[in-house]
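Asks: Sequence first, then the predicted structure:
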Amino acid sequence: MIVVLTGGTGAAKFMQGLQQVAPARELVAIVNTGDDLVWWGLHVSPDVDSITYGLAGLLSSERGWGVERDTFECLARMRAMGAPAWFSLGDRDLALHILRTELLAAGQTLTEVTAHIAKQLAIQSSILPMSDQRVETRVATPAGDLNFQEYFVRERHQVAVTGVRFAGSENARPAPGVLDAIAAADAIIIAPSNPITSIGPILAVPGIRNALQETRATVAAISPIVGGAAVSGPAGDLMRAQGLPVSLAGIAQAYHDFLDVLIADDLDTAEASEVMQSNLHPDLRLHFCNTMMTTPEAKVGLARETLSALGVAAGGAPAPVGVR
Ligand code: FO1
């Protein structure tokens with residue numbers, strides 16, 4: 001079993017590559033839910049959505065989120081009627097949020113709803129939300145606290161950040177299956193996701209960080225920082241706000257207490273000595289390869305490199321859906 005800790009769009013791309021080189025039934029994605037929000041009365045779970053659509057072959061390759069070839073007629077009508085319209089739910093995408101909201105209102109947990117939707121979409125891998133309790137990523141700015149989507153989408157992450165916290169995490173429990181998966185995994189991968197707001201909320205759920213420290217599985221992280229900057233999004237600003245250097249060393253530091261292998265881009269080979277000189281990581285292994293998932297082949301290539309760095313044989317039966 002290969003367990004992947006996943007956040008946003010980079011993680012969804014990585015999962016698309018991974019399902020081409022490992023048996024789908026042996027993959028478990030543990031997904032950040034700190035980005036969740038209620039929008040137009042619907043429970044939207046953006047990172048669960050991206051992983052679900054990615055594994056189902058439905059993810060928009062143009063936007064990296066939402067459904068391929070979606071339309072936005074409902075959004076336009078909502079805007080015309082004066083409803084908030086800065087967060088875009090596509091017409092096809094709406095079906096998932098309506099179904100999720102209905103099943104949650106009927107008493108199912110987020111884990112149960114996510115598994116039901118995955119089954120309906122013929123996904124063979126397991127998608128586990130990090131927790132069934134609400135954990136909300138809050139971004140502190142000089143003008144006050146924002147929820148993650150207000151910061152990321154409404155403000156286009158152009159406001160200064162002074163800190164990040166995960167409201168509710170202290171009372172949250174890992175969702176059913178999460179700790180068992182980490183304990184029983186043959187290999188664990190931290191997807192190329194923002195360490196603060198994508199992976200940070202997962203690690204903030206009591207028990208998960210400890211399970212990663214204690215697992216017998218080798219843990220690898222793929223750096224989302226290349227050439228001293230985030231591949232996409234605000235990871236650099238958020239790392240700086242949390243006191244981490246925006247570099248490979250910063251990623252190694254974020255995961256220092258459980259990381260065995262750091263997978264980094266070929267462009268960053270010069271940073272190897274800085275990472276290794278840190279006394280936080282005497283046994284850390286560094287593996288350099290192309291980490292930029294700019295083509296379908298590159299997604300598969302990164303998945304293969306990651307498995308080879310973990311000592312897992314690649315080449316299992318690819319999932320039935322195409323990788324885009
Ligand atoms: N990202 C945007 O930049 N703008 C949007 O309007 C937007 C809407 C949206 C709706 C559903 C969904 O599942 C994802 C959506 N995203 C949007 C992406 C989302 O903000 C990010 O994927 C994550 O929260 C970051 O990990």
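Replies: That came in fine, so what should we check first?

Asks: Any part of whatever helix or strand Gly236 lives in near the ligand?
Replies: Under the criterion of DSSP states H and E, Gly236 resides in helix 235-241. No - interface with the ligand: helix 235-241 contributes nothing (C-beta under 6 Å from any ligand atom), its closest point being 10.3 Å away. The way it works is simple: take the backbone N, C-alpha and C, and place the C-beta from them, glycine included.

Asks: Just the residues contacting that helix, thanks.
Replies: 139, 157, 161-164, 194-197, 224-225, 229-230, 245-246, 250, 254 (C-beta atoms under 8 Å, 6 or more residues apart in numbering).

Asks: List buried residues within these.
Replies: Buried subset of those (neighbour count, 16 or more other C-beta atoms under 10 Å): 139, 157, 161, 164, 194-197, 224-225, 230, 245-246, 250, 254.

Asks: which residues touch Ser131?
Replies: If you count contacts by C-beta under 8 Å, 6+ apart, Ser131 has them with 33, 172-175, 178, 205.

Asks: residues from the stretch 51-200 of the chain in reach of the ligand?
Replies: Residues of the stretch 51-200 of the chain lying near the ligand (C-beta under 6 Å from any ligand atom): 65-66, 87-89, 149, 152-153, 198.

Asks: where along the stretch 1-150 of the chain do the strands fall?
Replies: For the stretch 1-150 of the chain, the strands defined by DSSP state E, counting those that start in this stretch occupy 2-6, 27-31, 37-39, 42-44, 126-129, 136-141, 144-147.

Asks: Quick one: residues in contact with the helix or strand in which Arg209 is found.
Replies: Per DSSP H and E: Arg209 is located in helix 208-214. Applying C-beta under 8 Å, 6+ apart, the set of residues contacting helix 208-214 from outside is 30, 130, 174, 178-179, 182-183, 188, 202-203, 219, 257-258.

Asks: farthest-separated two in the contacts of Ser131?
Replies: Thr33 and Arg173 (12.7 Å; C-beta to C-beta).

Asks: Compare neighbour counts for these two and give me the winner.
Replies: Thr33 (25 against 15; other C-beta atoms under 10 Å).

Asks: How confident is the prediction for that one, by pLDDT?
Replies: Per-residue confidence (pLDDT) for Thr33: 98.

Asks: That one: what's its closest spatial neighbour, skipping adjacent residues?
Replies: Spatial nearest neighbour of Thr33, excluding adjacent residues (C-beta to C-beta, 6 or more residues apart in numbering): Pro129 at 4.9 Å.

Asks: For that neighbour, give its distance to Thr6.
Replies: In this view, Pro129 and Thr6 are 11 Å apart by C-beta to C-beta, to the nearest Å.

Asks: For those two, list the residues in contact with both.
Replies: Val31.

Asks: Only whichever of the residues of the stretch 51-200 of the chain next to the ligand are buried, select them in ChimeraX.
Replies: In ChimeraX syntax, the buried subset of those is picked out as below (16+ other C-beta under 10 Å):
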select :65,66,87,89,149,152,153,198
